[in-house]
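*Asks:* Structural data only, the sequence is not supplied:
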């Protein structure tokens, strides 16, 4: 519903439609441009992040390595002195102390030997010095409670036969559990002249500085650094509860996480690289690299939201501006286009007013020369022409109305010329009817009583309308005058022909059947002037002379014929409006139907026969207009 | 009136003091640092089962190098957990012990290869073994199978193993095995030899006292065993609550472990309590397993003479 309402709202205004199209297209262009720009920016920001993190890691690594190397060098320097005095066990205490004095950054040093290496010293011999905030104490640390030769720091160089960094470990004081130092030991195997392992030289260094250095690495506000040992144990992590207690794999034991496991394995393998993964509740980039030759690995975890925060902010602003711009554009366009189309709107409104008949409306003319100005001007011209045309039409219509009125009068006159009253004779039954096809018809009928006889006729003037009616009036008048003189039917025809031919420039003519019936004898004399053959009872009258219609050739001699007695017979005279009456399919009424109808006349009088025939014709027409005048004259002499 | 009230309070307080004083004190030392392996004892202590039995039990863990048996020998502790083979060895060395409660019904020891091999193919290679004195069964197996391993004692083995200092190592399926996996080391079935499934299913942890102490404190021993058993049964029914209790002990002792590892350990340890024949927590020594262990250890020179089931049983 709402959608169709919006659609309708847009469809109803050209300015809205046009503006929407333009803005949509602009939006598409923006979308493509911005998409490309953002994609490029994304790549650049990512590259920048990789560079930055790599740089930070590299710097950290350099700093850490420089210190670790110092530890290794100090240990190496001490090793030859130990070897040189290997047979003087007490000197080991001196050396373990000496190394701490020379290298204040070291926390402790053990010079530990295999069980019973010095037989006189028993199972344990490990010279251990501890730097406790500048105060150096030295002891022999091995005893039944501390079997040092099972410790990692002692065993690793022995088993691996090379110097090694131990995994960092907590050194906490049971009396002061709040202090927990992270310690790592650099351990070198000590060998005798035969290359046989005799003990381990181990120096301890507090890794608090390392932890602080690494934790301080923060290329992004929410980024953090982790460090894991060779067993994946966290030695640096913002979540202190994980330190030493968890490895990078711990959580995967409960909930497998292939991405984390893969990262852990890559770090353990000493690889350098970058991974994109979901870690600690955020999509992040993890940059990692190994830390010197310790076997440890450092990683910077940078949440994507941090790396791309500038980019995201820029994207939001740009998208906001573009959205606002597009809306503003839409608004402005609608206003501008609407303003530009204002004359068109007025034009539409005034056209509507004109359509309602107010032709005197003035169309807007703001002097524009563009398409809208041209349209307005054209429309003005059209309005002018329309006004003229309508004036002309009004005039013509008035004239037509006047003419129609006159035609009506003419029709009335014409009809008045045809007798409506028929002779009242005890033996004669005569009726007639004329139905015009147009207002003024060309058919005629008439009768004239003369002594004991009666003249009657039916005629059909060529053409229709006023000229035909004038010709018919003349013909009817001539018939009445000539019949009144008691002339024969052929004589009447000949005389009428000569009269009508005179000055007949229009070449009009009339077909006519003229008859004289002697009422006492029943004799019928007749002259057919090119007219349809009448019907007598149920057959067409068989005539020898068809003659010509009247008015064609002056001087033509018309022949007449006669029937001795028609008493008791029904006679029908008609014009071609009867037999040629058409139905909607243009089928003619036909002669046969006339014969059939006459056969059914029976005891009907002439008026009833005429009504019967007219009803049959009406039925045949089936609603179509009469195509010609139809005249019927029916008589019967008893 | 006021005087009477004070007097009543004083009498009541005296009664409580007497009751507290009446509780017998006992120091119990599990054979390893705090972890879910000893969940039943922590539960008995924390849920008050020991107190209900009239015992004032203190749980003192050994350090990685000061072993539980040293504490027993020096009478610093009166009861300790030991593996069956370990107890037999100690008895054989002249410290008579008696088993007052057997918890483990199965062997949890595994042998894990560092070289991607079947440990049975690592003849003569360097294999880690606890310096604290477990692993008698593995030594028997090494001889029996003709593998002649180069045994390397360690205090803790995970770092040595990970760094490649060992070719293989002994591990407990509930402890070091998971630590190795937690270190990112992936193990296939081929690389892990399980003693339980290979004809060496000898039950492990049980609670032991010296015969001397036991003979003088039989009732106390019985009460301690019953309360400890109750602790284990409660732990089996309430693993989540038990894990909370275990973590409390782990944190108090600064043990470098975590909840996930302890959860895995607890599950494995509880499954070891179940006798595979009956499917129940039996809490008893099985004579067949004692015989198997004793025979092997005598045969491969770890015992001078047989230690019998009857000898171990608390009477």
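*Replies:* Great, that's in hand. From a predicted model like this one, the values you see are computed outputs, not experimental measurements.

*Asks:* can we go C-alpha only for contacts and neighbour counts from here?
*Replies:* Will do.

*Asks:* Name the SS class of the residue lying closest to residue B:261 once chain neighbours are set aside, please.
*Replies:* Nearest non-adjacent residue to residue B:261, counting by Cα to Cα, 6 or more residues apart in numbering or on different chains: residue B:178, 6.9 Å away. When classified by DSSP: H, G, I helix; E, B strand; the rest coil, residue B:178 comes out as helix.

*Asks:* Which element is encountered next along the chain beyond the one helix or strand residue A:526 maps to?
*Replies:* Element membership of residue A:526, judged by DSSP states H and E, is strand A:524-529. Next in sequence after strand A:524-529, counting helices and strands by DSSP H and E, comes strand A:535-536.

*Asks:* Packing partners of that following strand?
*Replies:* For strand A:535-536, the elements it packs on are strand A:570-574, judged by 3 or more Cα pairs under 8 Å, 6 or more residues apart in numbering or on different chains; DSSP states H and E.

*Asks:* now the following helix or strand past the strand it packs on, how far from the chain's geometric center?
*Replies:* Going down the chain from strand A:570-574, the next helix or strand is helix A:576-579, by DSSP H and E. With Cα atoms, centre = their mean, to the nearest Å as the basis, helix A:576-579 stands 64 Å off its chain's centre.

*Asks:* could you give the mean pLDDT of helix A:576-579?
*Replies:* Mean pLDDT, helix A:576-579: 91.

*Asks:* what's that helix in contact with?
*Replies:* Contact with helix A:576-579 is made by A:532, A:588-591, A:594, A:617, A:626-631, as judged by Cα atoms under 8 Å, 6 or more residues apart in numbering or on different chains.

*Asks:* switch to 6 Å and redo it
*Replies:* A:589-591, A:628-630 (Cα atoms under 6 Å, 6 or more residues apart in numbering or on different chains).

*Asks:* again with stretch A:624-638
*Replies:* A:427-437, A:567-575, A:577-578, A:584, A:606.

*Asks:* between the contacts of helix A:576-579, which is nearest chain B?
*Replies:* Checking the contacts of helix A:576-579 against chain B by Cα to the nearest Cα gives residue A:589 as the nearest, at 112.8 Å.

*Asks:* Correct me if wrong: the closest one contacts residue A:581.
*Replies:* Yes. Here residue A:589 reaches residue A:581: they are 5.2 Å apart, a contact under Cα atoms under 6 Å.

*Asks:* and these two? which has more neighbours close in?
*Replies:* residue A:581 (23 against 20; other Cα atoms under 10 Å in any protein chain shown).

*Asks:* C-terminal to the helix or strand where residue A:214 lies, what's the next element?
*Replies:* For residue A:214, the host element (DSSP H and E) is helix A:208-215. As assigned by DSSP H and E, the chain's next helix or strand after helix A:208-215 is strand A:224-228.

*Asks:* How far off centre is the strand holding residue A:526?
*Replies:* 83 Å.

*Asks:* Run me through the strand neighbours of it, direction for each.
*Replies:* strand A:510-518 (antiparallel), strand A:561-563 (antiparallel) (DSSP bridges).

*Asks:* Of those strands, flag the one that's most buried.
*Replies:* strand A:510-518 (a mean of 25; mean count of other Cα atoms under 10 Å in any protein chain shown).

*Asks:* Average pLDDT for the longest helix along chain A, rounded please.
*Replies:* Ranked by residue count under DSSP state H, the longest helix found in chain A is helix A:14-84. For helix A:14-84, mean pLDDT is 88.

*Asks:* Likewise for stretch A:290-301?
*Replies:* 90.

*Asks:* ditto for stretch B:24-36
*Replies:* Here stretch B:24-36 scores 93 as its mean pLDDT.

*Asks:* Any buried residues in it, and which?
*Replies:* B:26-36 (16 or more other Cα atoms under 10 Å in any protein chain shown).

*Asks:* If we only consider those residues, which is nearest to residue B:204?
*Replies:* Closest approach to residue B:204 among the buried residues of stretch B:24-36 (Cα to Cα): residue B:31, at 11.6 Å.

*Asks:* and residue A:80, how many neighbours?
*Replies:* Neighbours of residue A:80 (other Cα under 10 Å): 12.

*Asks:* What score does the residue lying closest to residue A:547 once chain neighbours are set aside have for pLDDT?
*Replies:* Once flanking residues are discounted, residue A:547 sits nearest to residue A:529: 5.1 Å by Cα to Cα, 6+ apart. pLDDT for residue A:529: 93.

*Asks:* gap between residue A:529 and chain B?
*Replies:* 132 Å (Cα to the nearest Cα, to the nearest Å).

*Asks:* ok, that residue to residue A:457 distance?
*Replies:* 11 Å (Cα to Cα, to the nearest Å).

*Asks:* what do you get for residue A:125?
*Replies:* 169 Å.

*Asks:* Just want to know which of these two has more residues nearby.
*Replies:* Remark: of residue A:125 and residue A:457, residue A:125 carries more neighbours, 27 against 24, as counted by other Cα under 10 Å.

*Asks:* residues contacting that one?
*Replies:* Shown in contact with residue A:125 (Cα under 6 Å, 6+ apart): A:112-113.

*Asks:* re the thing from before, so which of the strands paired with strand A:524-529 gets nearest residue B:213?
*Replies:* Closest approach to residue B:213 among the strands paired with strand A:524-529 is made by strand A:510-518 (164.3 Å; Cα to Cα).

*Asks:* Can you give the contact residues for that closest one?
*Replies:* With contact meaning Cα under 6 Å, 6+ apart, strand A:510-518 is reached by A:453-462, A:489, A:523-531, A:549-550.

*Asks:* Report the closest residue of the stretch 101-250 of chain B relative to chain A.
*Replies:* Closest point on the stretch 101-250 of chain B to chain A, by Cα to the nearest Cα, is residue B:183, at 4.4 Å.

*Asks:* Which of the three states applies to the residue lying closest to that residue once chain neighbours are set aside?
*Replies:* Leaving aside its sequence neighbours, residue B:183 sits nearest to residue A:231 (Cα to Cα, 6+ apart; 4.4 Å). Three-state call for residue A:231 (three-state DSSP): coil.

*Asks:* and what of residue A:506?
*Replies:* Residue A:506 ends up coil, using three-state DSSP.

*Asks:* and it, how far is that from residue A:454?
*Replies:* Computed as Cα to Cα, the residue A:506 to residue A:454 distance reads 32 Å.

*Asks:* Comparing the two, which residue is more hemmed in?
*Replies:* The neighbour count for residue A:506 versus residue A:454, taken as other Cα under 10 Å, is higher for residue A:454 (20 against 7).

*Asks:* what's the pLDDT at the more buried one?
*Replies:* According to the prediction, residue A:454 has pLDDT 93.

*Asks:* repeat for the one 3 residues further on
*Replies:* Listed pLDDT for residue A:457 reads 95.

*Asks:* how far away is the residue nearest to it when sequence neighbours are not counted from chain B?
*Replies:* Once flanking residues are discounted, residue A:457 sits nearest to residue A:514: 4.5 Å by Cα to Cα, 6+ apart. Noted for residue A:514: a distance of 136 Å to chain B, by Cα to the nearest Cα.

*Asks:* beta partners for residue A:514?
*Replies:* Beta-bridge partners for residue A:514, by DSSP bridges, are residue A:457, residue A:527.

*Asks:* Which residues of chain B lie near chain A?
*Replies:* B:65-66, B:154-155, B:165, B:182-183, B:256-258 (Cα under 6 Å from any Cα of the partner chain).
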